[in-house]
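In: with the sequence up front, the predicted model follows.
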Amino acid sequence: MKKALFVLLTALPLAAFSAEGMSDDLKRFFSGLTAAERDNLGREVAEEMQQEINKNMDDRYSHIRVLDIRYRSSDDTLVISAKAKPDQDSIMSNFQSTMERELAQMVRSEMCAGADTRDLMKIGRYSFEYRITTANGKKFKPVRISAKDCR
């Protein structure tokens, strides 16, 4: 279960971007954006990610339901909310603190390993935040990933 959840959470943002990292033109583009333009772009990326998830969900992720992907303009963060389905509750409740810690570590390392998301965080100055809720309503600590996590 933990492996499938990890794959889902790290694959979400990658669906919206190419695997090649950012070109120099794109780097210049990001550096020239105003705050309003950054906010508009963030909202567009969140909408694209939501559409990709809705189109591309398959049986590998049958135990997780993505509730929402939104853009929070106050800190330029793409917030991804997901909920585990009922059959996963006992596993998640019994090992919640261990899963929170391991999931946060794995998601941060995987997000920073990809050139596209790393560039989006470092050059584009965007962050990602994952929020997981069990089917019975228990919330995991949010996992926030930003450029400072990618060293």
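Out: It's in.

In: which strands or helices does the lengthiest helix in the chain pack on?
Out: The residue-count maximum for a helix in the chain (DSSP state H) belongs to helix 35-56. Counting contacts by 3 or more CB pairs under 8 Å, 6 or more residues apart in numbering; DSSP states H and E, helix 35-56 is packed against helix 2-14, strand 64-72, strand 77-84. From N, CA and C alone the C-beta is placed, and that goes for glycine too.

In: the same query, at a cut-off of 6 Å, please.
Out: On a contact count with 3 or more CB pairs under 6 Å, 6 or more residues apart in numbering; DSSP states H and E, helix 35-56 meets strand 64-72.

In: got the contact list for the strand it packs on?
Out: 8, 42-43, 46, 49-50, 53, 78-83 (CB atoms under 6 Å, 6 or more residues apart in numbering).

In: next one: the longest helix of the chain to chain centre, how far?
Out: 12 Å (CA atoms, centre = their mean, to the nearest Å).

In: so which bits of it are buried?
Out: Arg38, Asp39, Leu41, Gly42, Val45, Ala46, Met49, Gln50, Glu52, Ile53 (16 or more other CB atoms under 10 Å).

In: same list (these) but as JSON lines, adding distance to Ile123 and pLDDT.
Out: Converted to JSON lines, those look like this (distance: CB to CB, whole Å; pLDDT from 0 to 100):
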{"residue": "Arg38", "distance to Ile123": "12", "pLDDT": "89"}
{"residue": "Asp39", "distance to Ile123": "17", "pLDDT": "91"}
{"residue": "Leu41", "distance to Ile123": "13", "pLDDT": "88"}
{"residue": "Gly42", "distance to Ile123": "14", "pLDDT": "90"}
{"residue": "Val45", "distance to Ile123": "14", "pLDDT": "85"}
{"residue": "Ala46", "distance to Ile123": "19", "pLDDT": "88"}
{"residue": "Met49", "distance to Ile123": "19", "pLDDT": "82"}
{"residue": "Gln50", "distance to Ile123": "23", "pLDDT": "85"}
{"residue": "Glu52", "distance to Ile123": "22", "pLDDT": "80"}
{"residue": "Ile53", "distance to Ile123": "24", "pLDDT": "77"}
